[in-house]
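In: sequence isn't available, so here's the structure alone:
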Ligand SMILES: C[C@H](O)[C@H](O)[C@H]1CNC2=NC(N)=NC(=O)C2=N1
């Protein structure tokens, strides 16, 4: 089972994920993605969904029109693990393909 990141590992992970920030009141990280339109936002979500299934690791997210708010945390560990960092990197790569 995935282990929670130590404070040092957590700090290093966040430094390597400059577009993400600590969540309020949870051991989790968050990022807001704002796309050109809903079509691109949902295309992004579709691609992420397929990878999440492959990883068996799923985001907590909220979509309104072209905005996708994402929170990543590992429920089984009740906190941030390497799986969240991996998924964040994949999400950043997908978003970069849409120019954000
Ligand atoms: C049964 C299933 O493998 C587990 O519930 C998986 C599913 N997706 C998950 N996603 C996240 N974010 N955290 C988990 O602990 C987790 N566990």
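Out: Looks like it arrived, so ask away. As the structure is a computational prediction, the values presented were derived from the model and not from experiment. Residues are numbered from 1 along each chain as shown.
In: how about the spatially most central residue of the chain, secondary structure?
Out: With distances taken as Cα atoms, centre = their mean, residue 88 lies nearest the centre of the chain, 3.9 Å away. Classification of residue 88 by DSSP: H, G, I helix; E, B strand; the rest coil places it in helix.
In: doesn't residue 71 make contact with it?
Out: No - counting by Cβ atoms under 8 Å, residue 88 stays clear of residue 71, with 10.5 Å between them. All C-beta atoms are positioned from the backbone trio N, CA, C, and that covers glycine.
In: joint contacts of those two?
Out: residue 29 (Cβ atoms under 8 Å, 6 or more residues apart in numbering).
In: and residue 37, how far is that from the ligand?
Out: In this view, residue 37 and the ligand are 27 Å apart by Cβ to the nearest ligand atom, to the nearest Å.
In: that residue and residue 44, how far apart?
Out: For residue 37, the distance to residue 44 equals 11 Å [Cβ to Cβ, to the nearest Å].
In: quick one: which of the two has more around it?
Out: Taking other Cβ atoms under 10 Å, residue 37 and residue 44 do not tie; residue 44 has more neighbours (21 against 10).
In: before we move on, which element is that one in?
Out: helix 38-55 (DSSP states H and E).
In: what's the mean pLDDT across the helix or strand just after that helix?
Out: Note on helix 38-55: by DSSP H and E, the next helix or strand toward the C-terminus is strand 60-64. The pLDDT scores in strand 60-64 average 98.
In: I am finished for the moment; much appreciated.
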